[in-house]
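Colleague: could you work out the structure for the sequence below:
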Amino acid sequence: MGLGAGHVLDMINRMKQNRAQRPSNRSKFKENNRDGIYSSDKKSRQPNFKTVPEKELIEIKNRIRERAKTEQKKERIIIGISILFGIISLIGFLI
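Modeller: A predicted model of the protein is given here:
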């Protein structure tokens with residue numbers, strides 16, 4: 001009959017661990033940790049995205065649209081079958 005004491009203890013431990021991970025509690029002047037936390041040159045670290053030719057981009061979009069259409073058809077069939085099964089089971093219980 002712990003009444004959830006284990007859950008509460010786990011929550012308290014997680015809160016302690018999260019507090020320990022805050023930048024204000026980390027060592028700032030040892031091992032140059034401050035550079036990683038408070039860097040001001042964020043513009044130089046922007047990601048490099050791949051460039052795709054326009055023709056390939058159109059083909060990729062069309063493939064994604066076709067996949068989405070087939071997924072919608074599958075979902076509609078599954079929903080229809082489940083509704084039909086539900087109606088049949090409801091009629092079976094009422095009779």
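Colleague: where does the chain dip in pLDDT?
Modeller: Within the chain, the stretches with pLDDT under 70 are 1-4, 23-45.
Colleague: now with 50?
Modeller: Applying pLDDT under 50 to the chain picks out residues 1.
Colleague: mind listing the helices for it?
Modeller: With DSSP state H as the criterion, the chain has helices at 5-20, 33-37, 54-94.
Colleague: now these in JSON lines, with distance to residue 47 and mean neighbour count?
Modeller: In this view, the C-beta of every residue, glycine as well, is placed from N, C-alpha and C. JSON lines is the format used below for those (distance: least, C-beta to C-beta, whole Å; neighbours: other C-beta atoms under 10 Å):
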{"stretch": "helix 5-20", "distance to residue 47": "28", "mean neighbour count": "10"}
{"stretch": "helix 33-37", "distance to residue 47": "17", "mean neighbour count": "12"}
{"stretch": "helix 54-94", "distance to residue 47": "19", "mean neighbour count": "10"}
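Colleague: of all these, which one is nearest residue 46?
Modeller: Closest approach to residue 46 among the helices of the chain (C-beta to C-beta): helix 33-37, 17.0 Å.
Colleague: one step back: can you put the helices of the chain in a markdown table and add distance to residue 46?
Modeller: Formatted as a markdown table, the helices of the chain follow (distance: least, C-beta to C-beta, whole Å):
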| stretch | distance to residue 46 |
| --- | --- |
| helix 5-20 | 29 |
| helix 33-37 | 17 |
| helix 54-94 | 21 |
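Colleague: nearest to residue 48, out of the ones you listed?
Modeller: Residue 48 sits nearest to helix 54-94 of all the helices of the chain, at 17.5 Å, using C-beta to C-beta.
Colleague: tell me what the closest one is packed against?
Modeller: Judged by 3 or more C-beta pairs under 8 Å, 6 or more residues apart in numbering; DSSP states H and E, helix 54-94 is in contact with no other helix or strand.
Colleague: tell me the gap between that helix and the middle of its chain.
Modeller: 23 Å (C-alpha atoms, centre = their mean, to the nearest Å).
Colleague: equivalent analysis for stretch 46-58, please.
Modeller: Chain-centre distance of stretch 46-58: 24 Å, with C-alpha atoms, centre = their mean.
Colleague: ok, residues contacting it?
Modeller: Contacting residues not belonging to stretch 46-58 are listed as residue 60 [C-beta atoms under 8 Å, 6 or more residues apart in numbering].
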